[in-house]
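**Student:** here is my input; please provide its structure:
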Amino acid sequence: MKKGDLVVMPGCAAAPDDDRLTIGLVVKLPKMIRRRIRIGVLWSDGDGKIDYEPIDWLVKKNDG
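**Tutor:** Take a look at the predicted model:
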């Protein structure tokens, strides 16, 4: 993954009882935090702050 990629976290819906996944934008390169490789993501349903997510929990969103 690289800056500018769109990602989703399988199993994390946009809202309760909604099957659409929240989309995130990769904004920071991977780094080691708490013994895991994490990447900075701005989430579409977030509050504008960068969340550092474990990279192995994310899937690059397909175009379309």
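
**Student:** I figured Pro30 hits Glu53, correct?
**Tutor:** No: using C-beta atoms under 8 Å, Pro30 is not in contact with Glu53; the gap is 10.1 Å. For the C-beta atoms, the positions are set from N, CA and C on the backbone; glycine is no exception.

**Student:** now do the shared contacts for the two.
**Tutor:** Common neighbours of Pro30 and Glu53, using C-beta atoms under 8 Å, 6 or more residues apart in numbering, are Arg38, Ile39.

**Student:** between these two, who's got more neighbours?
**Tutor:** Glu53 (20 against 16; other C-beta atoms under 10 Å).

**Student:** in this structure that one contacts Ile39, no?
**Tutor:** Yes: the criterion here is C-beta under 8 Å, and Glu53 meets it with Ile39 at 6.2 Å.

**Student:** show the contacting residues for the residue nearest the centre of the chain.
**Tutor:** Geometric centre of the chain, nearest residue: Gly24, 4.4 Å, by C-alpha atoms, centre = their mean. Applying C-beta under 8 Å, 6+ apart to Gly24 gives the contacts Leu6, Val7, Val8, Met9, Val41, Leu42, Trp43, Ser44, Asp51, Glu53, Leu58.

**Student:** need the max-distance pair from those.
**Tutor:** Across the contacts of Gly24, no pair lies farther apart than Leu6 and Asp51, at 14.8 Å, counting by C-beta to C-beta.

**Student:** lowest-scoring secondary structure element of the chain by mean pLDDT?
**Tutor:** Using mean pLDDT, DSSP states H and E, strand 6-13 stands out as the lowest-scoring helix or strand of the chain, at a mean of 82.

**Student:** partner strands of that strand, with direction?
**Tutor:** strand 21-33 (antiparallel), strand 59-60 (antiparallel) (DSSP bridges).
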